[in-house]
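Chemist: what's the 3D shape of this:
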Amino acid sequence: MSPRHFLTLKDLSPSELKQLISRASELKAMHRAGTDYQPLKNKVLAMIFEKSSTRTRVSFEAGMAQFGGHALFLSPRDTQLGRGEPVEDSARVISSMVDAVMIRTFGHDIVETFAANSRVPVINALTDDYHPCQLLADMQTYQEHRGSIEGKKVVWVGDGNNMCHSYMNAASMLNFQLVAACPKGYEPNPAIVAENQANVTVLHSAQEAVVGADLVVTDVFASMGQEEEQQQRLRDFSGFQVNKALMDLANKDALFMHCLPAHRGEEVTAEVIDHPDSVVWDEAENRLHAQKALLEFLICN
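Modeler: Numbering: from 1, shown residues only. Next comes the predicted model:
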């Protein structure tokens, strides 16, 4: 039987996605209660990092340890992938020795090719096109604080990047309305917009977009690999900072989220992200619990 992969949210059915989100909260409660639960004892997760990360590495590695398994960290310096071995060959070899593979890389075609040649589940821990693991944590966080997100208004402010694309997938799967407020020239991929068009609107004004929002989300203006564009992007994204004035246009109980790391004073003010009611820290912690639910689902079925 072919393994289940998690390359985008749409590798799950809507009911499976809802089940995973609820299971993540259950696992979180079990962890906080000190429950000894080790469904992945003697299982190994290979973690391939072509892009560095804090939250992704710590959450997956800690999650495997808490589940009784082991996580194997592989940087480009540690594998033949970094020296030009075909992705297909690496996939065949690595997947013959481990129980799942997590990849954080650049081109989405890399994880697709790896998955097509893997005998074990492959998890997309971030590509240039999608960041589905973060959406699991974000949706878990919203549900824990506000209940079901169905029918709510979510506003993405900033670059139409991989996070924005995964939010669009989530909108169609969980049936909420997503408004992507992006500067001209930084809109999300039109094909992904079209795929989710019943639940997605793209605007060029953050102020217009956030009126009536239940959740406001942003990300850095220049993602990893775009550092040389930083100064130009700071100019182009003028008016797209999430600050108190912008949040005041949203619903009174609107939540703010950010996948981190954040650049205070650029895409978000310290006043917003460090507010006593901020759920950003719950959102970051939930990467651990959501990914444990994902690992349990993919490896234990």
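
Chemist: low-confidence ranges in the chain?
Modeler: Along the chain, segments meeting pLDDT under 70 span 80-82, 224-226.

Chemist: domains for it, by residue range?
Modeler: Domain ranges of the chain: 5-131+286-300, 134-283, per the TED database.

Chemist: columns mean neighbour count on top of these, output as JSON lines?
Modeler: All C-beta atoms are positioned from the backbone trio N, CA, C, and that covers glycine. Below are the domains of the chain laid out as JSON lines (neighbours: other Cβ atoms under 10 Å):
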{"stretch": "domain 5-131+286-300", "mean neighbour count": "19"}
{"stretch": "domain 134-283", "mean neighbour count": "19"}
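
Chemist: from residue 165, how far off is residue 190?
Modeler: Per Cβ to Cβ, to the nearest Å, residue 190 is found 11 Å from residue 165.

Chemist: swap in residue 156?
Modeler: Taken as Cβ to Cβ, the span from residue 156 to residue 165 is 10 Å.

Chemist: go on, residue 89?
Modeler: Following Cβ to Cβ, the distance that separates residue 89 from residue 165 is 29 Å.

Chemist: what about the helices in the chain?
Modeler: Under the criterion DSSP state H, the chain carries helices at the ranges 14-32, 55-66, 87-94, 108-116, 132-146, 162-174, 190-195, 206-210, 230-236, 244-247, 270-273, 280-300.

Chemist: turn the ones you listed into a markdown table, including distance to residue 255.
Modeler: Supplementary listing: these in a markdown table, determined by distance: least, Cβ to Cβ, whole Å:
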| stretch | distance to residue 255 |
| --- | --- |
| helix 14-32 | 15 |
| helix 55-66 | 19 |
| helix 87-94 | 38 |
| helix 108-116 | 28 |
| helix 132-146 | 6 |
| helix 162-174 | 14 |
| helix 190-195 | 24 |
| helix 206-210 | 12 |
| helix 230-236 | 25 |
| helix 244-247 | 10 |
| helix 270-273 | 11 |
| helix 280-300 | 9 |
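
Chemist: of those, which is nearest residue 152?
Modeler: Counting by Cβ to Cβ, residue 152 lies closest to helix 132-146 out of those; the figure is 7.8 Å.

Chemist: I'd say residue 216 and residue 258 touch.
Modeler: No: using Cβ atoms under 8 Å, residue 216 and residue 258 do not qualify as a contacting pair, with a distance of 9.6 Å.

Chemist: how far does stretch 90-105 sit from the chain's center?
Modeler: 20 Å (Cα atoms, centre = their mean, to the nearest Å).

Chemist: contacting residues around that stretch?
Modeler: 40, 43-51, 53, 56, 60, 69, 72, 79-81, 110-111, 113-127, 295, 298-299 (Cβ atoms under 8 Å, 6 or more residues apart in numbering).

Chemist: restrict that stretch to CA atoms and write it as CSV.
Modeler: Provided in CSV are the C-alpha atoms of stretch 90-105 (Å, rounded to 0.1, in the frame of the first residue of the first chain):
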residue,chain,number,x,y,z
SER,A,90,18.1,10.0,-2.1
ALA,A,91,14.5,9.2,-1.6
ARG,A,92,14.8,5.5,-2.4
VAL,A,93,17.8,5.2,0.0
ILE,A,94,16.7,7.3,2.9
SER,A,95,13.1,5.9,2.9
SER,A,96,14.5,2.4,3.1
MET,A,97,16.0,3.1,6.5
VAL,A,98,13.5,5.3,8.3
ASP,A,99,9.7,5.4,9.0
ALA,A,100,9.0,9.0,7.8
VAL,A,101,10.8,11.9,6.2
MET,A,102,10.3,15.6,6.8
ILE,A,103,11.7,18.0,4.3
ARG,A,104,12.2,21.8,4.5
THR,A,105,13.4,23.1,1.2
